[in-house]
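Student: Okay, here's the prediction I keep looking at, along with the sequence it came from:
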Amino acid sequence: MIKTQFYNFIKELQETITSRLEEIDNKASFKEDQWHREEGGGGFTRVIENGSVFEKGGVNISEVHGPLPLAMQSYFKVGDVDFYATGLSLVIHPVNPHVPTVHANFRYFEMYDKQGTVVDSWFGGGLDLTPYYLYDEDATHFHQICKIVCDRHEVADYALFKEKCDAYFHNSHRGEGRGIGGLFYDYCKASESHSMEDWLAFQKDMASQFLDAYTPIAEKRKNKTYTKEQRDWQEIRRGRYVEFNLVHDKGTLFGLKTNGRIESILMSLPPHVQWRYDHHPEPDTPEAQLIEVLKNPKDWV
């Protein structure tokens, strides 16, 4: 079954990713919590804190099931159905403002009628980069990995998924992107030309390439010197990250509406954040250059 194949894959991937990030940090380790959901299922949350490279991060997997709550029935425009959802979700917040925050999510969803027959299923996910100081070569590298993977699979469309990412990870109340994007895709279903196995192959390939997309950037920038002013800027921009996750993010909404584990859902929030009243960077500075790109997304490859 696809759901079993995918869950077994993300269990292994969680171990692979956390082990590699611990090697890079070389100080802190991930701590694991296993949690259970009363209505069915649960997950494993792994969190790293106060490291030499990573100030806070989480790499979580979950597998939940049961009756679809009424609020989500309205959201999906369905009746009284059951559901199954599994996925891996990660957010990494670095210490150094020259190292970008990164997010990735790879998930699979099924709905069932009351006889237990699958009536709908799909894959979704993506990955995106949120720098505090923009290095064009880092943005190009991240997007190039995304494009290479997409080009290997007929089901994937890099240009479309990149456009969707820019549109989704957008703080509409600020008129700016959360970061410089990557890929975003959802409701990826079987069709006349593509099977769910095709989508599974793409999902596994993209998830497996996450480390290649992010870790070279982290290693390149982790020892770069920075000032208190640059750290302040990082914390101000983290505030925008928090705003997106609490106001716009569908994954946060789904977790809260389905009685997910609050600590796991909100592990994406950074530990140190600033909200300064009416703050704007000085013109012709690296900070202002970042804002310009966030307001006007670029093609990186």
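Tutor: That came in fine, so what should we check first?
Student: contacting residues for the residue lying closest to Gly255 once chain neighbours are set aside?
Tutor: Excluding its sequence neighbours, the residue lying closest to Gly255 (Cβ to Cβ, 6 or more residues apart in numbering) is Ile265, at 3.9 Å. The C-beta positions use only the backbone N, C-alpha and C, and glycine is treated the same way. By Cβ atoms under 8 Å, 6 or more residues apart in numbering, Ile265 lies in contact with 252, 255-256.
Student: Report how many residues lie close to Trp300.
Tutor: The local packing of Trp300 (other Cβ atoms under 10 Å) involves 21 other residues.
Student: what secondary structure does it sit in?
Tutor: Three-state assignment for Trp300 (DSSP: H, G, I helix; E, B strand; the rest coil): coil.
Student: can I have stretch 11-27 written out in CSV, keeping just the CAs?
Tutor: What follows is stretch 11-27, C-alpha atoms only, in CSV (Å, rounded to 0.1, in the frame of the first residue of the first chain):
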residue,chain,number,x,y,z
LYS,A,11,10.6,7.1,9.3
GLU,A,12,14.0,6.4,7.7
LEU,A,13,14.3,9.9,6.3
GLN,A,14,13.8,11.4,9.7
GLU,A,15,16.8,9.5,11.0
THR,A,16,18.9,10.4,8.0
ILE,A,17,18.1,14.2,8.3
THR,A,18,18.5,14.5,12.1
SER,A,19,21.8,12.6,12.0
ARG,A,20,23.3,14.8,9.3
LEU,A,21,22.1,18.0,11.0
GLU,A,22,23.7,16.8,14.3
GLU,A,23,27.0,16.3,12.5
ILE,A,24,26.9,19.9,11.2
ASP,A,25,26.0,21.3,14.6
ASN,A,26,28.6,19.3,16.4
LYS,A,27,27.2,20.3,19.8
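Student: for the record, mean pLDDT for it?
Tutor: For stretch 11-27, mean pLDDT is 98.
Student: which outside residues touch that stretch?
Tutor: For stretch 11-27, the external contacting residues (Cβ under 8 Å, 6+ apart) are 28-30, 44, 46, 48, 51-54, 57, 59-61, 88, 90, 92, 207-208, 210-211, 215, 218-219, 222.
Student: Buried residues in whichever strand or helix holds Arg20, which are they?
Tutor: Using DSSP states H and E, Arg20 falls within helix 2-25. Counting neighbours by 16 or more other Cβ atoms under 10 Å, one finds that the buried residues in helix 2-25 are 2-3, 6-7, 9-10, 13-14, 17-18, 21-22, 24-25.
Student: So which residues of the stretch 51-200 of the chain form helices?
Tutor: Here the stretch 51-200 of the chain has its helices, by DSSP state H, counting those that start in this stretch, at 70-76, 136-151, 158-168, 196-208.
Student: So which of those helices is nearest Gly126?
Tutor: Closest approach to Gly126 among the helices of the stretch 51-200 of the chain (Cβ to Cβ): helix 158-168, 5.9 Å.
Student: Run the chain-centre distance for stretch 271-279.
Tutor: What separates the centre of stretch 271-279 from the centre of its chain is 22 Å, taken as Cα atoms, centre = their mean, to the nearest Å.
Student: And that stretch, what's buried?
Tutor: For stretch 271-279, a neighbour-count test (16+ other Cβ under 10 Å) marks Val273 as buried.
Student: Quick one: end-to-end length of that stretch, please.
Tutor: End-to-end distance for stretch 271-279: 20 Å, by Cα to Cα, to the nearest Å.
Student: tell me the mean pLDDT for that stretch?
Tutor: On average, stretch 271-279 scores 95.
Student: Show residues contacting that stretch.
Tutor: With Cβ under 8 Å, 6+ apart as the test, stretch 271-279 has contacts from 49, 55-56, 93, 232, 235-236, 238-239, 242.
Student: hang on, the earlier thing: adding distance to Val247, write the buried residues of helix 2-25 out as a markdown table.
Tutor: Formatted as a markdown table, the buried residues of helix 2-25 follow (distance: Cβ to Cβ, whole Å):
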| residue | distance to Val247 |
| --- | --- |
| Ile2 | 33 |
| Lys3 | 31 |
| Phe6 | 29 |
| Tyr7 | 30 |
| Phe9 | 32 |
| Ile10 | 27 |
| Leu13 | 29 |
| Gln14 | 28 |
| Ile17 | 27 |
| Thr18 | 29 |
| Leu21 | 28 |
| Glu22 | 32 |
| Ile24 | 31 |
| Asp25 | 30 |
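Student: Need the pLDDT of the most centrally placed residue in the chain.
Tutor: What sits nearest the mean C-alpha location of the chain, by Cα atoms, centre = their mean, is Ala104, with 2.7 Å. pLDDT for Ala104: 98.
Student: Start the count at 4 instead of 1 going forward.
Tutor: Sure thing, new numbering starts at 4, so read that last one as Ala107.
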